[in-house]
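1. got a structure for you, letters missing:
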């Protein structure tokens, strides 16, 4: 009995065909250490705009642009590190009327399943847990692939839904309810 072996070109063509029909799996990523990632907020106080950052946040992501519905995002945000460029304001942000870091040291944003909303634009309909309150928040983002891919996104958080800025600070004429959030995260493959 004689067995005829396929030529290398035939094997390569068959293998390429199998790979083309195989399901694409999401890649898993972790936030790259060091510079290159940021998580910021912007609002105003008595009409004066101010911005700040949350240093020390960490992000894990599972994402495939060809299958955004399988995406997962997990962001952990240490609140005590919030910086706005004003030490008095930073101290107030850490206090009981705002983040209450003594009781709620970390905020967390999680999302499962993303939507494509435009050319290289996606939306993550997730949940923000802040001060023990969980509410839906949508993060819209763009994705830049590469050896260190980048997610750049924006969201709006209604602070009063989470009890941020209680007491005299609840007046939306002094501080608006809506706070703009922006992020840029550089990733390494996990």
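-> Yes, it's here. For clarity, every value in this text was computed on a predicted model and none was experimentally measured. Numbers count the residues shown, from 1 in each chain.

2. in the host helix or strand of residue 108, what's buried?
-> Using DSSP states H and E, the secondary-structure element containing residue 108 is strand 106-112. By 16 or more other Cβ atoms under 10 Å, the buried positions in strand 106-112 come out as 107, 109-111. For the C-beta atoms, the positions are set from N, CA and C on the backbone; glycine is no exception.

3. just stretch 31-49 next, same as before
-> 31-32, 37, 39, 41, 43.

4. After the strand holding residue 108, which helix or strand is next?
-> Per DSSP H and E, the helix or strand that comes after strand 106-112 is strand 114-118.

5. mean confidence for that next one?
-> On average, the pLDDT along strand 114-118 is 97.

6. May I see the buried residues of it?
-> Under 16+ other Cβ under 10 Å, the buried positions of strand 114-118 are residue 114.

7. How far away from the center of its chain is that strand?
-> Centroid separation for strand 114-118 versus its chain: 15 Å, with Cα atoms, centre = their mean, to the nearest Å.

8. Let the chain start at 42 from now.
-> Sure, I'll start counting at 42 from here, so that last one is strand 155-159.

9. so what strands line up beside that strand?
-> Strand 155-159 sits in its sheet next to strand 162-171 (antiparallel), going by DSSP bridges.

10. After the helix or strand bottoming out on mean pLDDT in the chain, which helix or strand is next?
-> None of the helices or strands of the chain scores lower by mean pLDDT, DSSP states H and E than helix 49-62, at a mean of 45. Sequence order places strand 68-72 as the next helix or strand after helix 49-62, per DSSP H and E.

11. List the buried residues in that next one.
-> Buried residues in strand 68-72 (16+ other Cβ under 10 Å): 70, 72.

12. what does stretch 209-222 give?
-> Neighbour-count burial for stretch 209-222 [16+ other Cβ under 10 Å]: 210, 216-217, 220, 222.

13. Surely residue 176 is in contact with residue 203?
-> Yes - in terms of Cβ atoms under 8 Å, residue 176 counts as a neighbour of residue 203; the distance is 6.6 Å.

14. Could you check which of these two is surrounded by more residues?
-> residue 203 (22 against 12; other Cβ atoms under 10 Å).

15. now the more buried one, nearest residue through space, not along the chain?
-> For residue 203, ignoring the flanking residues on the chain, the nearest one in space by Cβ to Cβ, 6 or more residues apart in numbering is residue 171 at 4.3 Å.

16. Check the gap between that neighbour and residue 214 for me.
-> 23 Å (Cβ to Cβ, to the nearest Å).

17. got it, and residue 224?
-> On the measure of Cβ to Cβ, residue 224 and residue 214 end up 28 Å apart.

18. what do you get for residue 145?
-> Distance from residue 145 to residue 214, by Cβ to Cβ: 26 Å.

19. And residue 115, by the same measure?
-> Residue 115 is 36 Å from residue 214, by Cβ to Cβ.

20. Buried ones in stretch 175-185, by neighbour count?
-> Of the residues in stretch 175-185, those buried (16+ other Cβ under 10 Å) are 178, 180-182, 184.
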